[in-house]
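# Mind looking at a prediction? Sequence and model below.
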Amino acid sequence: MNDPVVEYWFDFASPYSYPCTAHIDTLARLRGVRVLWRPMLLGPIFRAAGWQGSPFLQQPARFAWMWTDLARQCARHALPWRKPSTFPRSSLLPARIALAHCDAPWIAVFCTRVFELNFVQDADIDDVAAMHRLLGELGQPADELIAHAQSPEVKQALRAQTEYGAQRGLFGAPSFFVGDALYWGNEQLEDALDAAAYAR
């Protein structure tokens, strides 16, 4: 019998994907569940819904509350946090790197570090130099991986993955699929993992 799996769909610009990414690998391992990392871009999904950006941006009061809520969640889980000075940030380059290497043994650490760049260090995550440093710190051939991530094939693959997610009903991040069942939001992480574990 194959190991149970959960598909984890996320965007590096998504604030609520930060605490989720920090925990998902450990929580999944405890349940014997394998995580399938599915980077995507929320921008096209939001535009298809008629929004010019994150739904939070459409409601100033809700947008302000989001930052308060994220600070509370990170404090509760002892995660460092800094409100980004730019929101949302472009996440194209790290998303392409993650997509091209979604099965690599270093994918969980890479994704966690990218989120920390955005939501702890308040740094530009779409910066080639920043990704070069991060990949080098992980012992990876940065020049080669970045060149591959910027290839037409990987760019098209990310567009196709985002479109595929939308076709399956994705409307935000973080999201999780257990089979065809969709779970949405950081607070449903453990529900999704439990569903995957019990579906053996």
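Okay, I see it. Please read all numbers here as calculations on a predicted model, not as lab measurements.

# In the protein, where is pLDDT below threshold?
Applying pLDDT under 70 to the chain picks out residues 1, 49-57, 200.

# so where do the helices sit in it?
Listed from the start of the chain, the chain has helices (DSSP state H) covering 17-31, 42-48, 60-76, 92-100, 107-119, 128-137, 142-149, 152-167, 189-198.

# Dump those helices to a markdown table, plus distance to Y8.
C-beta coordinates here come from the backbone N, C-alpha and C atoms, glycine included. Compiled in a markdown table, those are given as follows (distance: least, Cβ to Cβ, whole Å):
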| stretch | distance to Y8 |
| --- | --- |
| helix 17-31 | 6 |
| helix 42-48 | 14 |
| helix 60-76 | 18 |
| helix 92-100 | 11 |
| helix 107-119 | 9 |
| helix 128-137 | 20 |
| helix 142-149 | 19 |
| helix 152-167 | 11 |
| helix 189-198 | 8 |
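
# V178: which of these is closest?
helix 189-198 (4.5 Å; Cβ to Cβ).

# CSV for the helices of the chain, including mean neighbour count?
Formatted as CSV, these follow (neighbours: other Cβ atoms under 10 Å):
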stretch, mean neighbour count
helix 17-31, 19
helix 42-48, 17
helix 60-76, 13
helix 92-100, 23
helix 107-119, 22
helix 128-137, 16
helix 142-149, 16
helix 152-167, 14
helix 189-198, 19
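
# For R96, list the residues it contacts.
By Cβ atoms under 8 Å, 6 or more residues apart in numbering, the contact list for R96 reads A149, Q150, V154, K155, L158.

# related to what we said a few turns ago, the helices of the chain: which one's closest to V5?
V5 lies closest, by Cβ to Cβ, to one member of the helices of the chain: helix 189-198, at 6.3 Å.
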